[in-house]
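> Let's see this in three dimensions:
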Amino acid sequence: MNIANTITSIRILLIPLFMFFLLDCRLSYSKLIAAAIFIVAAITDSLDGYIARSKKIVTNFGKFLDPLADKLLITAALVGLVELNKISSWIAMIIIGREFIVTGLRMVAAAEGVVISANIWGKLKTISQIVAIVLLLVDNYPFEFLNFPLDQIALWIAVTLTIYSGFDYIKANWKIIDFTNK
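Residues are numbered from 1 along each chain as shown. I've put the predicted structure just below:
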């Protein structure tokens, strides 16, 4: 196991710790600890990929584990935010559902020997989700003092980019799942 895969594995191991501080810890500042853990885990997403590419240590295990770690982290955060009544369950389902669709499409493509890389819309979607989640985790701090709902605006941007990137992804790769040509 190389350093990039180790970092990805650490991201997965941070998820239960994140969930503990988000939902079960009785400390008065536990939500801030959860937000800090989430931020560290989100940063490792860029770090592991950069290290793997720059050191030329990209592995099949990393190609499998990295997107899985990303989806687990975002899903855990969304489930926690639903439980805390900070977002509606339908918002979480749109975001999680898009991930299932894209993952399924990638699996079909892989079976056909095709690798589908993330495009700019997928990257913007991920960034917008992370920003929205962090703002929701910290109760819109410091924007709450300005009575400016940046957390809600960021959430709507994330949902919009999630939907758009999902449709764009399907449209760009429709030939892989076009049932009329098989």
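
> When you work out contacts or count neighbours from here on, use the C-alpha atoms and nothing else.
Fine.

> how many other residues sit next to Ala109?
Counted with other CA atoms under 10 Å, residues neighbouring Ala109 total 17.

> Ok, Gly122 next?
Gly122: 18 surrounding residues under other CA under 10 Å.

> quick one: which helix or strand includes the nearest residue to it once chain neighbours are set aside?
Of all residues not flanking Gly122 in the chain, Ser165 sits nearest, at 5.7 Å (CA to CA, 6 or more residues apart in numbering). Secondary structure assignment for Ser165, by DSSP states H and E: helix 150-172.

> And that helix, what's buried?
150-152, 154-166, 169-170 (16 or more other CA atoms under 10 Å).

> Check stretch 81-91 too.
Neighbour counts over stretch 81-91 (16+ other CA under 10 Å) mark 81-82, 87, 91 as buried.

> just the helices in this structure please.
For the chain, applying DSSP state H gives helices covering 3-19, 30-54, 60-83, 89-111, 120-137, 150-172, 174-177.

> and those as TSV, adding mean pLDDT and distance to Phe143?
Below are the helices of the chain laid out as TSV (pLDDT from 0 to 100; distance: least, CA to CA, whole Å):
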stretch	mean pLDDT	distance to Phe143
helix 3-19	96	23
helix 30-54	93	16
helix 60-83	93	19
helix 89-111	92	22
helix 120-137	96	9
helix 150-172	96	7
helix 174-177	82	41
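
> so which of the ones you listed comes closest to Glu144?
Glu144 sits nearest to helix 150-172 of all the helices of the chain, at 8.3 Å, using CA to CA.

> residues touching Arg98, list them.
If a contact means CA atoms under 8 Å, 6 or more residues apart in numbering, then Arg98 has 162-163, 166 as its contacts.

> Go again with 7 Å.
Arg98 is in contact with 162, 166, counting by CA atoms under 7 Å, 6 or more residues apart in numbering.

> Equivalent analysis for Ile176, please.
Neighbouring residues of Ile176 by CA under 7 Å, 6+ apart: Ala109.

> how near is it to Ala109?
Using CA to CA, to the nearest Å, Ile176 is found at 6 Å from Ala109.

> got it, and Gln152?
Distance of Gln152 to Ala109, given as CA to CA: 35 Å.

> Kindly report the same for Phe38.
Look at Phe38 and Ala109: by CA to CA, they are 31 Å apart.

> Check Leu124 too.
Leu124 sits 22 Å away from Ala109, going by CA to CA.

> just Lys31 next, same as before
From Lys31 to Ala109 the distance is 40 Å (CA to CA).

> which residues does Lys31 contact?
Going by CA under 7 Å, 6+ apart, Lys31 touches 21-22, 137.

> do that again at 10 Å, thanks
Residues near Lys31 by CA atoms under 10 Å, 6 or more residues apart in numbering: 18-25, 37, 137-139.
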